[in-house]
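J.: I would like the atomic coordinates for the input below:
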Amino acid sequence: MVDRIDAILVRAAGGPEVLELDRVDAPEPGARDLVVAVAAAGVNFIDVYHRIGQYPVPLPFTPGAEGAGTVVAVGSEVTGFAEGDHVAWAAAPGSYAQRVVVPATAAFKVPEGVEDEVAAAAMLQGLTAHYLVTATYAVKPGDTVLVHAAAGGAGLLLVQLAKYRGAKVIGTVSTPEKEALAREAGADEVIRYTETDFADAVAELTGGVGVAAVYDGVGRTTFDGSLASLARRGVLALFGASSGPVPPVDPQRLNSAGSVFLTRPTLGHHIATPEEFQWRCDELFQAIAAGRVSVRIGGRYPLADARKAHEDLQARRTTGKLLLLP
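T.: This is a model prediction of the structure:
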């Protein structure tokens, strides 16, 4: 008799209501894979994009690509992992489930002392924040940078990593409560975009110079202001679109904005080799273990409440990272 597990299935693209709890066959590892009992799965905006069909995925599918848990089966060609190891991952489709197949090359062995929930919460957004401040725009001491949604999961990590690299950080948030979280993470200045035009505020805070980089995971509603906030030859790193995709842009706007740079990076291109993946994970988890980086878990939901988690994420009712607990 084949074992059965709980998993979320999406049978048709649509709103949060298409996230349905179901019973499916337990996965078996391929030769180069691990099967992991999922302790916690991360909830991310890319899961929303898959669910609504913005980034199409063959139907039906189980959402989620991030998590942490315990290895329960090891493929015949895998070395370096054993049953019982605690691992985390950022690129294993189908993670909204009790068990998931994780390619061994996509698994990171979690250091002792780091709990599974923290590891799950750190992977996708932590590695994203790491590549943004080390590669997309390599933050230097004395830089001033702007972080949108500074109290979100990625935002809080970006603030901390940029501060550690010596930057002055300006954050944008929507509420006093989120402002307090951003300041606690190290933001030097916080703009409530619901009360003031953030581009005007950035100009005032920088004496009209602008910022060296804008880290923008919001997209449509912030893009114009982000462009206006850049210093000459600054970098606009558009790494997400929580408010919707940015309409087509005339490249001439980059000229008039001050010979600025616009890039749309993605995590996969920054962990494409095992060596780079390991390096970024090592640096991130060393910072977590040393207390230099704190990972805020803003919400924990049973697997059956995946719909509620998506609703809360899209409505921006949350701060920090949201987790499903299978």
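J.: helices or strands next to the helix or strand harbouring residue 215 in the packing?
T.: Assigned by DSSP states H and E, residue 215 belongs to strand 211-216. The helices and strands touching strand 211-216, judged by 3 or more C-beta pairs under 8 Å, 6 or more residues apart in numbering; DSSP states H and E, are strand 144-147, helix 223-228, strand 230-238. C-betas here are computed from N, CA, C, even on glycine.
J.: what does the shortest one contact?
T.: By that I understand strand 144-147. By C-beta atoms under 8 Å, 6 or more residues apart in numbering, the residues outside strand 144-147 that reach it are 137, 139, 155, 158-159, 162, 167-172, 187, 198, 202, 206, 211-215, 226, 229.
J.: which one of the helices and strands packed on strand 211-216 has the most crowded surroundings?
T.: Each of the helices and strands packed on strand 211-216 was assessed for mean neighbour count using mean count of other C-beta atoms under 10 Å. The highest is strand 144-147, with a mean of 28.
J.: now that one: how far from the chain's centre is it?
T.: 18 Å (C-alpha atoms, centre = their mean, to the nearest Å).
J.: partners of it in the sheet?
T.: strand 168-173 (parallel), strand 211-216 (parallel) (DSSP bridges).
J.: need these in CSV with mean neighbour count, can you?
T.: Shown next, in CSV, are the strands paired with strand 144-147 (neighbours: other C-beta atoms under 10 Å):
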stretch, mean neighbour count
strand 168-173, 27
strand 211-216, 28
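J.: Point out the one among these that comes closest to residue 306.
T.: strand 168-173 (26.0 Å; C-beta to C-beta).
J.: Would you tell me what the next helix or strand after that closest one is?
T.: helix 176-185.
J.: Residue 326: which of the helices and strands packed on strand 211-216 is closest?
T.: So among the helices and strands packed on strand 211-216, strand 144-147 is nearest, using C-beta to C-beta, at 31.4 Å.
J.: For the protein, just list every one of the helices.
T.: 45-52, 116-131, 153-164, 176-185, 198-205, 223-228, 252-256, 274-289, 306-314 (DSSP state H).
J.: what's next to the fourth one, contact-wise?
T.: With contact meaning C-beta under 8 Å, 6+ apart, helix 176-185 is reached by 150-151, 155-156, 159-160, 163, 171, 173, 190, 192, 294, 296, 319-320.
J.: For those residues, name the two members farthest from one another.
T.: Longest span within the contacts of helix 176-185, C-beta to C-beta: 192 and 294, 22.5 Å.
J.: re the thing from before, with distance to residue 255 and mean pLDDT added, can I get the helices and strands packed on strand 211-216 in JSON lines?
T.: Shown next, in JSON lines, are the helices and strands packed on strand 211-216 (distance: least, C-beta to C-beta, whole Å; pLDDT from 0 to 100):
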{"stretch": "strand 144-147", "distance to residue 255": "21", "mean pLDDT": "98"}
{"stretch": "helix 223-228", "distance to residue 255": "11", "mean pLDDT": "98"}
{"stretch": "strand 230-238", "distance to residue 255": "11", "mean pLDDT": "98"}
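J.: need the ones you listed in a markdown table with distance to residue 274, can you?
T.: Listed next are the helices and strands packed on strand 211-216 as a markdown table, based on distance: least, C-beta to C-beta, whole Å:
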| stretch | distance to residue 274 |
| --- | --- |
| strand 144-147 | 29 |
| helix 223-228 | 34 |
| strand 230-238 | 25 |
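J.: out of those, nearest to residue 111?
T.: strand 144-147 (26.7 Å).
J.: mind saving the C-alpha coords of that closest one as PDB?
T.: Provided in PDB are the C-alpha atoms of strand 144-147 (Å, rounded to 0.1, in the frame of the first residue of the first chain):
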ATOM      1  CA  THR A 144      22.800  55.300   1.500                       C
ATOM      2  CA  VAL A 145      20.300  52.800   0.300                       C
ATOM      3  CA  LEU A 146      16.500  52.700   0.200                       C
ATOM      4  CA  VAL A 147      14.600  49.500   1.200                       C
END
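J.: and the gap between the most centrally placed residue in the chain and residue 298?
T.: The geometric centre of the chain, computed from its C-alpha atoms, lies nearest to residue 125 (C-alpha atoms, centre = their mean), at 2.7 Å. According to C-beta to C-beta, to the nearest Å, residue 125 and residue 298 sit 11 Å apart.
J.: Common neighbours of these two, please.
T.: Going by C-beta under 8 Å, 6+ apart, residues that sit against residue 125 and also against residue 298 are 153, 321.
J.: isn't residue 306 right next to residue 324, touching?
T.: Yes - using C-beta atoms under 8 Å, residue 306 is in contact with residue 324, at 5.9 Å.
J.: Common neighbours of the two, please.
T.: Going by C-beta under 8 Å, 6+ apart, residues that sit against residue 306 and also against residue 324 are 8, 43, 96.
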